[in-house]
Structures are given as C-alpha cells and as structure tokens.
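Engineer: starting from these lines, generate the structure:
(2 chains)
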Amino acid sequence: MTALSAAAPGRRQASTVSATRVFDTLCLVVVVIFAVLWVLPTAFAVRTSLVENTTAAQGATAIAGSGDLTLHSYLALFAQGDVLNWSLSSAITSVVTVVLTLVTASMAAFALSRLRFRGKRAVFLVVLAGIVIPGQVLIVPWFRELGAFGLLNTYWAVILPQVPSAIAVFVFKQFFDGLPREIEEAAVVEGAGPWTLYRRIVLPLSRPAISAVAIFTFVWTWNNLLWPLIAVSNPALMTVPVGLATVQGSFGERYADVMASSILGALPLVLLFLFFQRRIVEGVTSTGLKG
Amino acid sequence: MTAATVAPPRTPPSTSDTTTTPRTRGDAAPWLFLAPFGVLYLLFVLGPTAYGFVLSFFDTSLVRPGLGDAVGFGNFTALLASADFWSSLGNTVRFTLFTTPVLVVLSLVLAVLVNRVGRGNRVFRFAFFLPYVLPSATVALIWMFILTPDSGGLATVLGAVGVDAPSWLGDPDWAMQAIAGVTLWWTLGFNFVLYLAALQDIPRELYEAAAIDGAGPWQQTARITFPLLHRTTALVTALQLIASLKVFDQIYLMTMGAADTRPVLEYVYDTGFTDYRVGAASAASMLYFLLILLVSGLWLLATRRRDREVIR
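Structural biologist: Now for the predicted structure:
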C-alpha cells in the first residue's frame, strides 16, 4: 500500500472502479472484433458452399448478395463419394493410431513413473530425446523401411510411424507422477501386481490425460499431410488432406463444390471439437502441457 | 533400449527398498510395460534416425535397391554449395520469423482479454480454436478462394476502401506474408488455449488484493498476469518455434513453393520423391534436424538460466 492510497482510500477506489469499467468495456470490444475476424473466413466458406457454382464463380460480392440456398454441392459430393471415402480412411487411420498411442504410451509411462528398475533414468532420457526428433526428418527412411516391409499403400504405412509418440509418454508420465502414492498402497498390500495397478487404479484416475492425448493425437493424425501423401498413392486409401490436395486442381471454377468438399472433410473434427471442447481445456490444464 | 526387448537384467532384490512400490516377478514387469512402445520407438524413431544418418553419406536412389555408393561428405558439400537449398532454408527461417512473434504475442493478448472479460468464455474459445482443428487442405482451399485476385473476398473488401490488392500468392513480395497471415488465423487457437488454461490458475484473490491497494487494470495485468505467465510464454514460444520450422502443408498446398516460398521440408520432399535422390534428401534432412536441435538447445539453455534466476 502506498502512502497516497492510504491517505485517500475512498476516492482512489472510486476512480479505480470507473477505470476498471472503461478498461473492461474496451477489452470486450477488442475481443469481439477479433472473434468476428476469426469466424468470418469459415462463415464465408460455409456460405459459398451453399450457393450455386455459377454464383460462386462471380466472386465475393455475388456470393454475399446472393439469395441462393442450396445443397447441390453437398448432394453432388455424396453422389460421387470421394470425400466420404477419404473420411473413412482418415477415420480408420486416426482411430487406430489413437488407440495404439494411448496403450503403448501409457504403459511405458506407467513403468517410468511407478515401477522400479535398473536403467530407468537412461530409458527416460532416450524417450525424451525422441521429442526433438520431428517425424518430418524421417520421411525418407520411413519410406524405404515400409517399402522393405511391403506395407506401402496400406493403412499400416500411415498408422505405424505415427504411433510411438515421445510427447505422449512424457504427458502421461507427468500426470502419473502427480497422482498420490497412497492410492496404490492399499492395493499393493492386498497383493495387487503391476498390471492390476495400471489397469484398475492408475488408468481410471487418468481420464484428463487420456482425453488430452487422444484428442490431440486424433486431430494431428487426421490432419497430417506430408507422410500420408508419401505413404499412400492408391486413391481408395487416401486420407482427407491427401485427397483434397490431389483433387484441388480438378474442380476448376466450381468453387461451391470446392468449399463443400473442404467443409465435409473437416466436419468430423469440428463435431469432435464441439463435443469435447471442455475436455480439451481440462486436458491442457491438468497434464502439465501448459508448463 | 535393446535390452528392454531381449533380456531383462537380473538384479538381486535391493534391501534398501522399503517402499510399497510393487516388487515384481524377476523384475520383468517394467520391461514388459515398456516393450510395446519400445519396439515401435526403435522401429520408427531411433532406427530411422540412424538409417537416415547413414543414407546421407551415400548416393542412394529411390528407384534402385540398396544403398548405392558411399560418397563421404559429398551430399553435404553439394547442399552447402546449392543456392536452392539455401533459399529453401531461408524461406523456412523467414516464415518462422514472420509467424512466431505474432503468434506468441497476439494469443497472449487475446487470452488475457478474454479472461478479463469473463463472460462468453466458451464462445470466444470456440471462435479462436475452431480453425485449429481444420485440416490444412481445408484451410488452404478456403484462403486460396478468399485471396483470389480481383474477385476474391479480401480483394473485394480492400477494393471497397480504395486499396488495390496485390495478387497475394503469386507475388514474391507478398506470398510469404499472406501464408504467414493464414497460419496466424489457423493456429492461434492452440496457443490461446494454453494461455487461457494458465490464466485460470492465477487466483482471483491476487487481483482483488491489488485492486484494494489501488492498482488499476493496466498495473494488475503488467505486475501480476504477465510475470505469472512467463513459464507458459517460454513453453508457447518453444512449441511455436518448432512448429513454424516444420512448415510444409500450407505452402505446398497454396503455392507449391512458387513465389519464393519453398520451405526446406519441401526441398527434402522434392529431392527425395520427385528427383529420387534419397541420399541427398537425407543429408538435407540431417542439416534441417541440426537446425531444430540448435533451436531446442538454445531454448533449453535460456529457460534453464531464467528458471534459476526467477523461480528457484
């Protein structure tokens, strides 16, 4: 407390209150402006997907002023089926990657956090080193390796290299380290082995970490472009990003169709986000991801 | 790691071990828990890293089996003498410099403002985070349409206020800036959520106490919020730097590397999968990896020192 505010607390506080009110209004205005800017491009894309191709080809003014409201583009895409096939490929590869990542990373993290063994520190350091090795520098070796396994142009080629995630192990370990030791003591006294401990006690308490790893792995896998672009050339196996990238030139002037296909390809992720919005923030908060 | 999957080391039960940590049959359990991850980690992270390192010393081709001939440091000297390689490295660095500061600062400012406003938290979070879940191809298609010269959304808006819009993605003076802008829109939400989570951990009482002491909103933000967020800011900066250095998708999709935008990862992709020069591509990957390591190392040093000063 400064001498000034101690001498005249009443006036000082009154002016602080009004300053705060002005400040808060200003904050609200700025935030709203940015939020509108952030929503506008998506809204414009959705609007474009709902007009006729001929309207869309005339440009932004025509789209904004148009009275069209049609599902033509979506119906055409459903009839043709490509986007649905890509979504199926993306769904299969993403779900399998998520499940395998959750199981392998949480098991490894459990050993590193809860079990005693020789060389634990060394193992943890080796895993940590993986965080700084970006998958992008491994695309050439992966291509030759999966070619040698005969797995190129299969879902496994897309899935396997994305499963061993050092970051996921790290996130799980941080979370497990934060769980109190007492909870497992009773179980150990009753003779529970490590598997029971992992399966019945640690995992059920780790829902925030599980959902954070699951959601981010899902989004990253669904949206990965570089590796699936290399691993898969068979159109029947293409994921959404690869499919969209491959056909983007073939739409020509049919902009409504372009927008509809890009929205359809993103729809599963948007729905996921809507359902799990709270979990995402909860996960970020409780897994130590925020530093 | 190899020991993990082959033979569990046998150690005599330690007598000092009096905790309740489960003792396990023959000490195999920890290694069994590590095995599924360990095998995949060996096969798809450590193995390929070593393999890529080896490849970078050979003139390996994509279309010929085998390693080809050893060329010593030939791939590296050729790269260091290649204008194309340097310009791609320069483009990646340029993209990183265009995106990192604004993505770190603007997401912080918006998170502080949203936290301050209090109401409508969910709505704002939705608005800012939604683009982050969109696939790069969706983002590219939306923005290529908006950035269309003359008839596109942005050109129309700018035209209405009398500004002549350039042909964003075709003009070397504007292409990288335009892509950086699109990236700002696309990925800001991730940093925003990280900051928002950290902000919600700051106890309200701190602000109340400061308000009673007569601190206005500016002082509260400057004296309480920013200092308490410095660890989060360090983390966000590091994650952002690495993410920006990995740029490939949006550039590949929006310009195919034209107009002075080709990033180093696209150089690797082109060298390996268009020119079939796998050895040269591996050498380029290694140099790029070195850059990532350098940045990670510098960040680690910087935060270590600051943590020692401020926190512990």
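Engineer: where does the chain have its least confident helix or strand?
Structural biologist: Unless you meant another one, I'm taking chain A. helix A:3-7 (a mean of 42; mean pLDDT, DSSP states H and E).
Engineer: whatever helix or strand comes next after it - contacts with which helices or strands?
Structural biologist: Once helix A:3-7 ends, the next helix or strand along the chain (criterion: DSSP states H and E) is helix A:9-49. If contacts are counted by 3 or more C-beta pairs under 8 Å, 6 or more residues apart in numbering or on different chains; DSSP states H and E, helix A:9-49 sits against helix A:60-65, helix A:255-286, helix B:83-117, helix B:121-129, helix B:136-146, helix B:175-199, helix B:204-212, helix B:217-220. In short, each C-beta sits where N, CA and C put it, glycine included.
Engineer: by proximity to chain A, which residue of chain B wins?
Structural biologist: Closest approach between chain B and chain A, counting by C-beta to the nearest C-beta: B:Ser151, at 2.9 Å.
Engineer: check the average confidence over stretch B:228-241, would you?
Structural biologist: For stretch B:228-241, mean pLDDT rounds to 88.
Engineer: ugh, typo on my part, it should be stretch B:170-188
Structural biologist: On average, stretch B:170-188 scores 94.
Engineer: equivalent analysis for stretch B:132-142, please.
Structural biologist: 91.
Engineer: ok, and does that stretch reach over to chain A?
Structural biologist: Yes: contact of stretch B:132-142 with chain A is found when judged by C-beta under 8 Å from any C-beta of the partner chain, involving B:132-138, B:140-142.
Engineer: what's the answer for stretch B:262-278, then?
Structural biologist: Yes: using C-beta under 8 Å from any C-beta, stretch B:262-278 reaches chain A at B:265, B:268-269, B:272-273, B:278.
Engineer: contact partners of that stretch?
Structural biologist: A:136-137, A:139-140, A:143-144, A:226, A:230, B:55, B:59-63, B:84-85, B:87-89, B:91-92, B:95, B:246-248, B:251-252, B:257, B:280-282, B:284-285, B:288 (C-beta atoms under 8 Å, 6 or more residues apart in numbering or on different chains).
Engineer: could you tell me which of the residues you listed count as buried?
Structural biologist: A:136-137, A:139-140, A:143-144, A:226, A:230, B:55, B:59-62, B:85, B:88-89, B:91-92, B:95, B:246-248, B:251-252, B:257, B:280-282, B:284-285, B:288 (16 or more other C-beta atoms under 10 Å in any protein chain shown).
Engineer: narrow these to those in strands?
Structural biologist: Residues of the buried ones among the contacts of stretch B:262-278 located in strands (DSSP state E): none.
Engineer: right, so of the helices and strands packed on helix A:9-49, which gets closest to A:Phe78?
Structural biologist: helix A:255-286 (8.6 Å; C-beta to C-beta).
Engineer: which parts of the closest one are buried?
Structural biologist: A:255-266, A:268-269, A:272-273, A:276-277, A:279-286.
Engineer: report pLDDT for B:Ala3.
Structural biologist: Per-residue confidence (pLDDT) for B:Ala3: 36.
Engineer: what's the closest non-adjacent residue to the residue nearest to the spatial centre of chain B?
Structural biologist: Geometric centre of chain B, nearest residue: B:Ala243, 1.2 Å, by C-alpha atoms, centre = their mean. Among residues not flanking B:Ala243 along the chain, B:Thr187 sits closest, at 7.1 Å (C-beta to C-beta, 6 or more residues apart in numbering or on different chains).
Engineer: residues contacting the one you found?
Structural biologist: Counted by C-beta under 8 Å, 6+ apart, B:Thr187 has contacts B:103, B:131-132, B:243.
Engineer: counting neighbours, which of those residues comes out on top?
Structural biologist: Highest neighbour count within the contacts of B:Thr187, by other C-beta atoms under 10 Å in any protein chain shown: B:Leu103, with 26 neighbours.
Engineer: right, and that one touches B:Gly189 too?
Structural biologist: No: assessed by C-beta atoms under 8 Å, B:Leu103 is found out of contact with B:Gly189, at 10.4 Å.
Engineer: and the helix or strand containing A:Phe170, what does it pack against?
Structural biologist: Using DSSP H and E, A:Phe170 sits within helix A:166-178. Helix A:166-178 sits against helix A:82-114, helix A:120-131, helix A:207-223, with contacts defined as 3+ C-beta pairs under 8 Å, 6+ apart.
Engineer: buried residues of the last one, list them for me.
Structural biologist: Of the residues in helix A:207-223, those with enough neighbours to count as buried (16+ other C-beta under 10 Å) are A:208-223.
Engineer: ditto for the shortest one
Structural biologist: Using 16+ other C-beta under 10 Å as the test for burial, helix A:120-131 gives A:123-124, A:126-127, A:130.
Engineer: columns distance to chain B on top of the residues you listed, output as CSV?
Structural biologist: Listed next are the buried residues of helix A:120-131 as CSV, based on distance: C-beta to the nearest C-beta, whole Å:
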residue, distance to chain B
A:Val123, 7
A:Phe124, 10
A:Val126, 6
A:Val127, 7
A:Gly130, 5
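Engineer: tell me the one of these nearest B:Asp164?
Structural biologist: A:Gly130 (49.5 Å).
Engineer: distance of the closest one relative to B:Ser244?
Structural biologist: 20 Å (C-beta to C-beta, to the nearest Å).
Engineer: and for B:Phe273?
Structural biologist: For B:Phe273, the distance to B:Ser244 - C-beta to C-beta - is 23 Å.
Engineer: neighbour-wise, which of these two wins?
Structural biologist: Remark: of B:Phe273 and B:Ser244, B:Ser244 carries more neighbours, 22 against 17, as counted by other C-beta under 10 Å.
Engineer: low-confidence stretches in chain A?
Structural biologist: Residues of chain A meeting the criterion pLDDT under 70: A:1-17, A:284-291.
Engineer: find the nearest non-adjacent residue to the residue in the stretch 51-200 of chain A that chain B sits nearest to, please.
Structural biologist: The nearest approach of the stretch 51-200 of chain A to chain B comes at A:Gly59, 2.9 Å away (C-beta to the nearest C-beta). Excluding the flanking residues, the one nearest A:Gly59 by C-beta to C-beta, 6+ apart is B:Ser151, at 2.9 Å.
Engineer: now B:Tyr276
Structural biologist: Leaving aside its sequence neighbours, B:Tyr276 sits nearest to B:Leu62 (C-beta to C-beta, 6+ apart; 3.8 Å).
Engineer: tabulate the buried residues of helix A:120-131 (a markdown table), appending distance to A:Val83.
Structural biologist: Below are those laid out as a markdown table (distance: C-beta to C-beta, whole Å):
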| residue | distance to A:Val83 |
| --- | --- |
| A:Val123 | 43 |
| A:Phe124 | 43 |
| A:Val126 | 41 |
| A:Val127 | 38 |
| A:Gly130 | 34 |
